[in-house]
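*Asks:* from the sequence below, what's the structure:
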Amino acid sequence: MGKEIKIKFSGYEYEGYRVFWDIHTHTTYSHGKGSIKDNVNAALALGLEEIAITDHGPGHLTYGIDKAKIPEMRAEIDRLSALHPEIRIRLGVEANITMVGNHLDIAPEEFKDYDYVHAGYHYGIRDGNCLKNFANWMLPGNLFGRELLRANTEMTVAALHENDIRILTHPGDKGPFDMDELARACAETDTLMEISTWHSHLTVPELKICKKYDVKFVISSDAHVPGRVGDAAGAIKRAFIAGIEPERIVNIRKEKQ
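*Replies:* Below is the predicted model of the structure:
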C-alpha cells in the first residue's frame, strides 16, 4: 500500500489521496545521495506503481550526467525491472533549459536514450541567463526588470514547443517567469506542470494562474535522497489550497475505503 496523505483545511477534505507514481528522482549519477536500486527500493516500500530515475542533463557545469554512463544506467534499470515486475522502472533525464540550439542540453537525436525527458531551469548552465538570475535572487530589488522575465519566459516557451517534454519541472523556480505564458505553452504542447515537494514551485499564487489554462499537473518528489521518494504532502496541500481539482493531478488517486 502506498503512502496515504490526509489533509483537511479551508473547507476541503481530501483524505485518502496518495501518489501512485513518482517520475522525478535523482541518484548519485548526478547529485543525489542514493543509487538507482536505493530509489527503487524506496518506491517498492511505498507501493508505488512507477518510478523514474531522472538525473540532471549533461550541460550542468557541476553535476550533469555523464552521457557515457547512460548504458550502465539502462542496464541497471533493466536488471531491476526483471527482479521487480510489480513496478515500472523508467530511465529519464531532467534536461536543462538554455537559450541556444533546441533550448535544451539534450539534442533531439539523444531523446531515444530516455523513456522520459523532463526539462527545468537551473543555475550552473551556460547560455541560460544564470548570472543575472542568480544576482536577481541574491540581491534586493528586481535588478533586471521585465527584460529578464521576458528572456526566461521566451527560452522556456521555445524549449516546450521545440521538444517533446514530459514534465516542465518546478516552473517559476530560480528566476522570474511569466506564468500565464508558461501555462499556455504547456497546454499547447500537452506538457505536465510539476508541483514539486523539493522546491516551493509551483506556489499557490502560481497554481491559481496556471489552473486557468487546460493543463494537467503532476506531483514530484524531485528526491535527492531515497527517503524522499514518493513525498507529496506539501505539494498536495498547495494544490488543494489553490483550488486544483484532484482529477487534474495525473498521479494521485483516492484509495477505496
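
*Asks:* please count neighbours and contacts with C-alpha atoms only from this point.
*Replies:* Fine.

*Asks:* need the longest strand for this protein.
*Replies:* strand 88-96 (DSSP state E).

*Asks:* for that one, name the packing helices and strands.
*Replies:* Counting contacts by 3 or more Cα pairs under 8 Å, 6 or more residues apart in numbering; DSSP states H and E, strand 88-96 is packed against strand 50-56, helix 70-83, strand 116-120.

*Asks:* what packs against the next helix-or-strand element following the shortest one?
*Replies:* Next helix or strand after strand 116-120 toward the C-terminus (DSSP states H and E): helix 130-138. For helix 130-138, the contact count by 3+ Cα pairs under 8 Å, 6+ apart identifies no helix or strand as a packing neighbour.

*Asks:* just after helix 130-138, pick out the following helix or strand.
*Replies:* Following helix 130-138 toward the C-terminus (DSSP H and E): helix 145-162.

*Asks:* I'd like the next helix or strand past that next one.
*Replies:* strand 167-168.

*Asks:* ok, now which ones touch residue 196?
*Replies:* By Cα atoms under 8 Å, 6 or more residues apart in numbering, the contact list for residue 196 reads 169, 170, 202, 219, 220, 221, 222, 232, 235.

*Asks:* could you confirm residue 219 falls within a helix?
*Replies:* No: read with DSSP: H, G, I helix; E, B strand; the rest coil, residue 219 is strand and lies in no helix.

*Asks:* how much space between it and residue 23?
*Replies:* Distance, residue 219 to residue 23, using Cα to Cα, to the nearest Å: 9 Å.
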